[in-house]
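**Q** sequence and predicted structure are below.
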Amino acid sequence: MAEELNTLEQIKLDLESSVGKRVKLRANRGRRRIIEAEGVIENTYPKLFVVKLDKSHSIRRMSYTYADVLTKTVELTIGGSVIGRAEAAQSS
């Protein structure tokens with residue numbers, strides 16, 4: 001449990017330092033629905049973060065929890081590096 005908390009904290013810190021940066025988003029919405037989009041990390045909060053999507057999507061903002069990144073429900077790529085990937089490899 002303590003390792004998971006540290007991993008969640010690391011994901012949170014990575015995203016906090018990336019506020020305002022462009023991000024590629026790939027989110028599994030269930031039942032074979034996958035959203036792939038680009039946008040900007042708009043803000044981070046204690047339990048979630050918000051991504052403002054480009055104008056090409058009908059949805060303007062999406063919010064996700066840090067656990068979504070940990071469980072790979074959401075994959076974020078910022079500047080060629082995937083958020084949460086290194087931590088997942090360490091816990092295996």
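**A** Thanks, I have it. Numbers count the residues shown, from 1 in each chain.
**Q** for the protein, which segments count as strands?
**A** 22-28, 34-44, 48-53, 61-65, 74-78, 81-82 (DSSP state E).
**Q** which one of those strands lies closest to E16?
**A** Shortest distance between E16 and the strands of the chain, using Cβ to Cβ, is found for strand 34-44: 4.9 Å. In short, each C-beta sits where N, CA and C put it, glycine included.
**Q** so where's the chain shaky on pLDDT?
**A** Regions of the chain meeting the criterion pLDDT under 70 cover residues 1-6, 86-92.
**Q** want to throw the strands of the chain into CSV with mean neighbour count?
**A** Output for these, formatted as CSV (neighbours: other Cβ atoms under 10 Å):
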stretch, mean neighbour count
strand 22-28, 16
strand 34-44, 15
strand 48-53, 18
strand 61-65, 15
strand 74-78, 19
strand 81-82, 13
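**Q** so which of those strands is nearest L13?
**A** Comparing these by Cβ to Cβ, strand 34-44 comes nearest, at 9.5 Å.
**Q** so how far is that closest one from its chain's centroid?
**A** Distance, stretch centre to chain centre, for strand 34-44: 8 Å (Cα atoms, centre = their mean, to the nearest Å).
**Q** for the strands of the chain, give me TSV that also has distance to L8.
**A** As requested, the strands of the chain are exported to TSV (distance: least, Cβ to Cβ, whole Å):
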stretch	distance to L8
strand 22-28	18
strand 34-44	12
strand 48-53	12
strand 61-65	9
strand 74-78	13
strand 81-82	16
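**Q** which of the ones you listed sits closest to T7?
**A** For T7, the closest of the strands of the chain is strand 61-65, at 13.2 Å, according to Cβ to Cβ.
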